[in-house]
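Participant: quick one, what's the 3D model for this:
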Amino acid sequence: MSAIFIPDLDDVRRAQGVIGGYTRTRLEIIAARPGNPLGAEARRFGGAVALRAPGFPNSAFNRAYGFCDDQIDEIPALIDWYAAGAGGAFELAPGRPIARTARLLAEAGYAQTGFHATFAGPAELPDAPSPGVEVIQVESEDELKAFADVFHLGWDITGFRVPVAPWLGAPGWSLYLARCDGEPAGMAIVYVDGADAYLADSAVDPRFRRRGVHRALLDRRCDDARDAGATRIYSGADFLSASSRNMQRKGLVLLYTEAILSRPQPKAAG
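Facilitator: Numbering: from 1, shown residues only. Model prediction:
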């Protein structure tokens, strides 16, 4: 029987660091498009990062991660920075002092609009069989096309295509494609930064849900992250979602639920 994993405050710091690092690298890919049409940019403050992409309003790319009272002097300028773009949000996690930050945001018109759950665990976690499911690391153009197709189906993205080709060479990223009975069925990403790994953006084609595809993607990414030197696994999901329950079955534990504070944007005149 494996030992019980009990996270600590260092896990909170490490989780926010690797999550912010992954999201920042994804924003940098968006900013690298010719002319940066979405206006993407990032600002780093030690272990905290603030992201802004006016072309992606109400998204994770207009959000500040890892801030607490230690960066209180930076908050007023960030409030103005977000107000000049498409608005933004701050994710405040427990474990570090946030009372002054929360009060300053409230005075600027921010209010809590949601929660997000973050999970953590050791890299050594048991696998579970997923009959009929095969997971491969994406390497070829054909595999990348199937990965992109499942990404759009799983996340229900219609009307446009996200350019995923730059993801294949992104530093620290590995892309995975799951096949169920030989057909493309799921996709996922793992981002490894030293001893920390972040399981990101997993999605399953609705036709193949409840077939063990999500669990198979969890297993493969954890195994590969461990082989790459990671000792901690982190991930996120909506609280009590199907994804969060799969993570707990894998052996990840709830590290924290963070408060999302945002501010309504004024409506344009006319």
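Participant: show me the longest helix that occurs in the chain.
Facilitator: helix 9-31 (DSSP state H).
Participant: let me see the mean pLDDT of the helix or strand just after that helix.
Facilitator: Per DSSP states H and E, the first helix or strand lying C-terminal to helix 9-31 is strand 41-45. Taken as a whole, strand 41-45 has an average pLDDT of 88.
Participant: next one: stretch 83-94
Facilitator: Rounded mean pLDDT across stretch 83-94 is 88.
Participant: name the residues of it that are buried.
Facilitator: Along stretch 83-94, these residues count as buried under the neighbour rule (16 or more other Cβ atoms under 10 Å): 85, 86, 87, 88, 89, 90, 91, 92, 93. Heads up, the C-betas are built off the backbone N, CA and C, glycines and all.
Participant: and residue 97, backbone torsions?
Facilitator: The phi and psi torsions at residue 97 (degrees, to the nearest 10) take the values phi -60, psi 130.
Participant: could I get the contacting residues of it?
Facilitator: Residue 97 is in contact with 68, 69, 70, counting by Cβ atoms under 8 Å, 6 or more residues apart in numbering.
Participant: which one of the residues you listed has the most neighbours?
Facilitator: Within those, residue 68 tops the neighbour count with 21 neighbours, counted by other Cβ atoms under 10 Å.
Participant: where's that residue relative to residue 44, distance?
Facilitator: Relative to residue 44, residue 68 is positioned 15 Å away (Cβ to Cβ, to the nearest Å).
Participant: tally of neighbours for residue 241?
Facilitator: Neighbour number of residue 241 under other Cβ under 10 Å is 11.
Participant: turn the buried residues of stretch 83-94 into JSON lines, including distance to residue 150 and secondary structure.
Facilitator: What follows is those, written out as JSON lines (distance: Cβ to Cβ, whole Å; DSSP: H, G, I helix; E, B strand; the rest coil):
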{"residue": "85", "distance to residue 150": "31", "secondary structure": "coil"}
{"residue": "86", "distance to residue 150": "28", "secondary structure": "coil"}
{"residue": "87", "distance to residue 150": "31", "secondary structure": "coil"}
{"residue": "88", "distance to residue 150": "30", "secondary structure": "coil"}
{"residue": "89", "distance to residue 150": "28", "secondary structure": "strand"}
{"residue": "90", "distance to residue 150": "32", "secondary structure": "strand"}
{"residue": "91", "distance to residue 150": "27", "secondary structure": "strand"}
{"residue": "92", "distance to residue 150": "33", "secondary structure": "strand"}
{"residue": "93", "distance to residue 150": "31", "secondary structure": "coil"}
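Participant: residues in contact with stretch 146-159?
Facilitator: So stretch 146-159 is in contact with 138, 161-162, 164, 175-178, 184-187, 201, 203-206, going by Cβ under 8 Å, 6+ apart.
Participant: centre of the chain to it, how far?
Facilitator: 17 Å (Cα atoms, centre = their mean, to the nearest Å).
Participant: CA atoms only for that stretch, dumped as CSV, please.
Facilitator: Listed next in CSV are the C-alpha coordinates belonging to stretch 146-159 (Å, rounded to 0.1, in the frame of the first residue of the first chain):
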residue,chain,number,x,y,z
ALA,A,146,-5.4,14.1,-35.6
PHE,A,147,-4.4,15.8,-32.3
ALA,A,148,-5.7,19.2,-33.6
ASP,A,149,-9.0,17.6,-34.7
VAL,A,150,-9.6,16.0,-31.3
PHE,A,151,-8.6,19.2,-29.6
HIS,A,152,-11.3,21.2,-31.4
LEU,A,153,-13.9,18.4,-31.0
GLY,A,154,-13.2,17.8,-27.3
TRP,A,155,-13.3,21.5,-26.4
ASP,A,156,-16.2,22.2,-28.7
ILE,A,157,-14.3,24.9,-30.6
THR,A,158,-16.2,25.8,-33.8
GLY,A,159,-15.9,28.6,-36.3
